[in-house]
Structures are given as C-alpha cells and as structure tokens.
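A.B. asks: how would this look folded up:
(one chain, ligands or ions: 1)
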Amino acid sequence: MLTIKRLSGVDIKPYIADLAKLRITVFREFPYLYDGNFDYEQKYLKRYLNSEETVVVICFDNDTVVGASTGMPMQDEEKMVREPFEKSGFDVNDIFYFGESILLKEYRGQGIGSRFFTEREAHATKLGYNITTFCAVDRPDDHPRRPTSYTPLDAFWSKRGYKKKSSLKATFNWQDLDEDSESPKSLTFWLKNHDS
Ligand SMILES: CC(C)(COP(=O)(O)OP(=O)(O)OC[C@H]1O[C@@H](n2cnc3c(N)ncnc32)[C@H](O)[C@@H]1OP(=O)(O)O)[C@@H](O)C(=O)NCCC(=O)NCCS
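C.D. replies: Numbering: from 1, shown residues only. Just a heads-up that it's a prediction; the model follows:
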C-alpha cells in the first residue's frame, strides 16, 4: 500500500540514509546522469534537520521509501541557489525553494509527483512564503544519453502553475556518469507566485 508522509526538521532524521540511496538511484537517469556518493548525499540531506521550516514529503510502499520530495526556505539555502535571486532583486525571504522530486520508475504516472507539489506548496504557503521555486538541469536535445522515450517534465510543471524563467539560472557542480571529475552544470529556475 502506498502512503505519503510530510515531515519537517528532526523528524526527517530516520530517513536520511533511505533518501540518500533514492537520490543516487533516480539521479543516475537522464537528465541528471549524476554519479552520486553516499557520504556526500547524507551530509547534503542532513541540512534538512536544521530547521522546522524544512519539508520532506516521503512516499512509502508499505515500509519502503520509494519516493521523496524536499524543500527549505530560500534564505537557508546555499549561495549558489540564493545568489541568482539576490542579483535579480528578489527578496529571498519571500521564497521557498524545492530541492528535488524523486520517484522510482515503477511508481510514476499515478499522481504521486503532483501530490509532492501540493504537499510542499501547502507547507510553504502556511509559513507565509509567496513564491515557490525549483530548478531543472539544462541538457541539449541531442545529448548522447537522452533516451528516445524521454518525455521532458516541462508540461507537468506548467500544468502545476510554474513558469520557466530563462533569465534565472544557477550553476551546480557534479560528476556525470561519463565524466572523471565534477564539472559545472547549468540549471534554470521555474517559479510560481501564490499571491493572486
Ligand atoms: C518528477 C517525478 C517525481 C514525477 O512523478 P510522477 O508521480 O510520475 O508524476 P505524476 O504522476 O503526478 O504526473 C506525471 C505526468 O506525466 C504523466 N505520466 C503518465 N505516465 C507516466 C510515467 N510512466 N512516468 C512519468 N509520467 C507519466 C502523468 O499523466 C502526468 O501528466 P499530467 O501532468 O498531465 O497529469 C518523476 O517523474 C521522477 O522521479 N522523475 C525523475 C527525477 C526528476 O527528474 N525529478 C525532477 C527534478 S528534481
């Protein structure tokens, strides 16, 4: 049976190892192609324990973690996430940043990804944030690892009220499956305004 739980702060602690494994598994796929490291992942995820304003929505199949989605206030995020907004004149105190949505392949297409958005948006707007945002990696259409069956998530995000802001970009470093070391990757932000 599939269940969804929404957690914040220290309540996330029991799931850090499962979330790290899930990130490594799902982000190996196109378009992320991330050659992940378990110790780094655990350290990265432990940031979500530091504040009660963070959110992790977890999908369980009975007791097994099969999907998750994260978020935290933009002011608590790293400089590489915050800076593009600060430079564009946004007040980062108004913004809640969504980290990732990851679901094992066999559970996709049943509305769990949509639920990840509604749960995180409910959390963010209850705390008074007007803008929710996330970013997605930019890959060329002719990328050699792009599966012929790959469907971009742009339509899914647009349907949820997000607009792609081509002027708002971040650069993250990670090691692709075909790389020997980390290299910079460009990502574009998508925004939704909850004011209106
Ligand atoms: C993003 C992700 C969590 C979405 O999960 P999901 O549960 O499949 O999402 P939903 O079922 O709510 O909606 C997916 C949309 O694609 C359609 N879809 C149908 N079959 C699908 C399938 N097998 N796989 C994916 N999407 C499918 C759905 O109908 C839906 O369309 P809609 O927006 O018109 O309703 C999942 O695709 C994933 O883990 N992707 C890999 C990681 C990733 O790229 N994450 C995003 C950036 S962090």
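
A.B. asks: average pLDDT across the helix ranked longest in the chain?
C.D. replies: The helix that spans the most residues within the chain, counting by DSSP state H, is helix 112-126. Mean pLDDT, helix 112-126: 98.

A.B. asks: after that helix, which helix or strand is next?
C.D. replies: strand 131-137 (DSSP states H and E).

A.B. asks: identify the residues contacting the residue most central in space within the chain.
C.D. replies: The centroid of the chain falls nearest to Glu100 when counting by C-alpha atoms, centre = their mean (1.4 Å). Shown in contact with Glu100 (C-beta atoms under 8 Å, 6 or more residues apart in numbering): Arg23, Phe27, Ala68, Ser69, Thr70, Phe134. In short, each C-beta sits where N, CA and C put it, glycine included.

A.B. asks: can I get these in CSV with pLDDT, secondary structure and distance to Asp61?
C.D. replies: As requested, those are exported to CSV (pLDDT from 0 to 100; DSSP: H, G, I helix; E, B strand; the rest coil; distance: C-beta to C-beta, whole Å):
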residue, pLDDT, secondary structure, distance to Asp61
Arg23, 97, helix, 17
Phe27, 96, helix, 20
Ala68, 98, strand, 12
Ser69, 98, strand, 16
Thr70, 98, strand, 19
Phe134, 98, strand, 24
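
A.B. asks: from these, which would you call buried?
C.D. replies: Among the contacts of Glu100, those classed as buried by 16 or more other C-beta atoms under 10 Å are Arg23, Phe27, Ala68, Ser69, Thr70, Phe134.

A.B. asks: adding distance to Ala155, write those residues out as JSON lines.
C.D. replies: Shown next, in JSON lines, are those (distance: C-beta to C-beta, whole Å):
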{"residue": "Arg23", "distance to Ala155": "24"}
{"residue": "Phe27", "distance to Ala155": "21"}
{"residue": "Ala68", "distance to Ala155": "22"}
{"residue": "Ser69", "distance to Ala155": "19"}
{"residue": "Thr70", "distance to Ala155": "23"}
{"residue": "Phe134", "distance to Ala155": "15"}
